[in-house]
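In: Below is the sequence, then the predicted model.
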Amino acid sequence: MVSLNRLFFLPGFCFLMLCVLAPAFGQTVSVIKAPYLLWVTDTEAIIMWETNAVRQARVTISPEGGGTAVVVDVTPATVVAQAVCTGLAPGTRYTFSVSTTGTPSQTLGTGGFLTDSPGPREMTIGVLGDTQELAANFLLNNTRLMKHKPELILHVGDLMTNGTDASQWNTQLFTPGKDMLRFAPMYVSFGNHESNSPNIRKYLPYPETMTGNPVDSRGHWYTASRGNAFFIFLDSQYAFTPGSPQYIWFNGVLASSAFRNSTWRILCCHYPAYSVGWEGYDGDANMRTYLVPLMEQHGIDLYMKGHTHSYERGYLNGVTHIINGGGAAGNETWGRNWPFIVRYDLILQYSVIKINGDKLEFRCYDFGNKLYDKFTLQKGVPFTLPGTPVIVRGPKSGPVGKQTITLKYPAGEGGRFRYRIGIEERRSEDGFWTPTPIMYRAGQEITLPVDFKSSGTYHVIAQALDAQYRASDWVRSEAIVIQ
Ligand SMILES: [Fe+2]
């Protein structure tokens with residue numbers, strides 16, 4: 001027989017139990033940011049996600065080849081959750097799953113990654129930049145990029161239009177990028193469009209890998225190692241002039257054993273030192289003055305950047321300069337010439353870096369997914385540049401208008417070469433000095449047009465480029481007076 005007291009308390013007890021169990025029973029959450037890889041080292045992975053309500057969760061990380069899973073239970077303090085998964089085996093492919101705990105459990109997302117195996121080995125790295133507001137372009141580019149199965153993505157900045165708008169982190173990055181970000185961590189050198197927003201450290205809180213960052217900039221500039229490569233990420237929205245915290249930190253990195261013992265040294269920074277792609281912007285003068293000399297002095301192999309929505313490549317004093325800013329934004333105009341930049345186009349693009357020990361192969365794919373540019377760097381092999389061509393017949397002084405120049409590769413040399421000519425005094429006014437699309441036999445005379453558009457005293461310059469667009473020194477004509 002049920003007592004009166006028990007009858008009285010039963011409804012209250014049921015209500016109380018409902019309140020306790022409700023969050024875990026039957027109430028699913030909405031996934032705002034599907035689980036994404038923030039960071040992966042040889043033994044650690046950091047996975048993050050965001051839901052519309054705080055929920056306890058469990059991350060299960062399983063070796064693809066079988067073996068014991070690593071399980072991490074997370075009690076998030078906020079709707080943005082993070083799981084730091086340690087104790088992983090180096091050089092191992094893992095799958096992961098993130099689920100809420102309780103009954104019923106809800107899967108929030110899955111993915112996979114490769115832990116690093118330090119030292120020389122094969123690895124594939126993707127490169128994106130300036131993806132911003134045209135999310136459909138970004139989705140197409142990152143879908144194509146992932147077919148190359150990169151284990152790491154480098155992003156050279158400008159992830160969205162305005163980083164202070166939290167919704168754009170979803171509409172322009174995490175939603176169109178979700179199937180990329182769950183299979184490879186993406187390390188970003190932040191750009192001006194991230195607006196130095198607190199959202200950077202909220203959604204992409206890269207760990208502190210070297211001491212010396214002031215607290216407010218932690219995660220804005222950082223380093224990472226992968227295989228035999230060392231990556232430096234600078235934030236061009238913070239000062240990098242001598243005496244600034246970032247400059248002091250950068251010098252510390254260059255002196256570190258991790259940097260000095262690496263085979264490949266790749267620096268990512270949103271701002272380019274040199275740019276031909278934008279009218280009115282030839283690159284960042286402070287980068288040229290303060291950072292490029294350090295890159296040359298300390299053997300940076302690749303300086304990857306964006307900002308200009310183009311693809312550009314040049315080799316200067318040992319450093320290969322790449323602008324990889326064609327991630328999605330596009331729609332720009334041409335600018336001017338920096339004579340050492342040999343490849344340039346206003347294309348939507350992504351790039352793939354393949355490293356295998358002492359060899360680095362770089363490929364850029366355009367928006368038709370066609371190979372647009374490729375080159376190889378090889379340690380221990382001299383970086384042999386072509387010889388300087390000779391001018392067989394040069395333009396002559398005379399009226400404004402079109403003339404020709406006839407060039408020849410030096411006698412006795414074999415191989416095929418393309419040529420590029422320009423008017424030295426008009427590098428800021430003329431369109432990019434595009435190399436000839438076809439290659440000519442050494443010794444063959446090749447005649448190219450020269451257009452003198454205005455009066456003045458000019459020197460025509462010309463160079464030869466090999467199959468990888470490695471360029472010779474310039475040959476320079478006598479002074480030509482155009483009236
Ligand atoms: Fe930018």
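Out: Everything's here; your move.
In: what helix or strand is Gly422 on?
Out: Assigned by DSSP states H and E, Gly422 belongs to strand 416-423.
In: strands paired with that strand, and their directions?
Out: Paired with strand 416-423 in the same sheet, following DSSP bridges, are strand 440-441 (antiparallel), strand 460-465 (antiparallel).
In: continuing past the shortest one, what's the next helix or strand?
Out: To tie it back to what came earlier, the one meant is strand 440-441. Beyond strand 440-441 toward the C-terminal end (DSSP H and E), the next one is strand 446-452.
In: do the same with the longest one
Out: Sequence-wise, the next helix or strand beyond strand 460-465 is strand 475-476, with elements assigned using DSSP H and E.
In: Packing partners of that following strand?
Out: Where contact means 3 or more CB pairs under 8 Å, 6 or more residues apart in numbering; DSSP states H and E, strand 475-476 is packed against strand 460-465. In short, each C-beta sits where N, CA and C put it, glycine included.
In: domains for the protein, by residue range?
Out: 31-114, 122-378, 390-482 (automatic domain parsing).
In: before we move on, back to that, least reliable of the strands paired with strand 416-423 going by mean pLDDT?
Out: Note on these: lowest mean pLDDT is at strand 440-441, with a mean of 94.
In: Which strands and helices lie in contact with the helix or strand hosting Ile322?
Out: Assessed by DSSP H and E, Ile322 sits inside strand 319-324. Taking 3+ CB pairs under 8 Å, 6+ apart as contact, the helices and strands that strand 319-324 lies on are strand 122-128, helix 292-297, strand 302-305, strand 311-316, strand 349-356, strand 359-366.
In: quick one on the thing from earlier: to Thr384, which of the domains of the chain lies closest?
Out: domain 390-482 (7.6 Å; CB to CB).
In: Number of residues surrounding the nearest residue to Ala229 once chain neighbours are set aside?
Out: Of all residues not flanking Ala229 in the chain, Trp264 sits nearest, at 4.0 Å (CB to CB, 6 or more residues apart in numbering). Residues contacting Trp264 under the criterion other CB atoms under 10 Å number 25.
In: How about Asp179?
Out: Residues lying near Asp179 (other CB under 10 Å) number 13.
In: Which phi and psi values does it adopt?
Out: phi -80, psi -10 (degrees, to the nearest 10).
In: same check, this time on the one 5 residues further on
Out: Geometry field for Ala184 lists phi and psi as phi -160, psi 140, criterion degrees, to the nearest 10.
In: what's the pLDDT at it?
Out: The model's pLDDT for Ala184 equals 98.
In: before we move on, what about Thr223?
Out: pLDDT, Thr223: 95.
In: what do you get for the one 10 residues further on?
Out: Phe233 is assigned a pLDDT of 97 by the prediction.
In: Identify the bridge partners of it.
Out: If you apply DSSP bridges, the partners that Phe233 bridges to are Tyr222, Cys268.
In: residues in contact with Asn199?
Out: 163-164, 166, 169 (CB atoms under 8 Å, 6 or more residues apart in numbering).
In: My read is that Tyr303 contacts His270, right?
Out: No. Using CB atoms under 8 Å, Tyr303 makes no contact with His270, being 11.6 Å away.
In: Which of the three states applies to the residue in the stretch 201-350 of the chain positioned nearest to the ion?
Out: Using CB to the ion, the single residue of the stretch 201-350 of the chain nearest to the ion is His307, 3.8 Å away. With DSSP: H, G, I helix; E, B strand; the rest coil as the basis, His307 sits in coil.
In: Just give me the neighbour total for it.
Out: So His307, with other CB under 10 Å, has 26 neighbours.
In: give me phi/psi at it?
Out: The phi/psi pair for His307 (degrees, to the nearest 10) is phi 80, psi -60.
In: I'd like the distance from the longest strand anywhere in the chain to the chain centre, please.
Out: Determined from DSSP state E, the single longest strand within the chain is strand 31-40. Computed by CA atoms, centre = their mean, to the nearest Å, the chain-centroid distance of strand 31-40 equals 19 Å.
In: Thanks again, I'm all set now.
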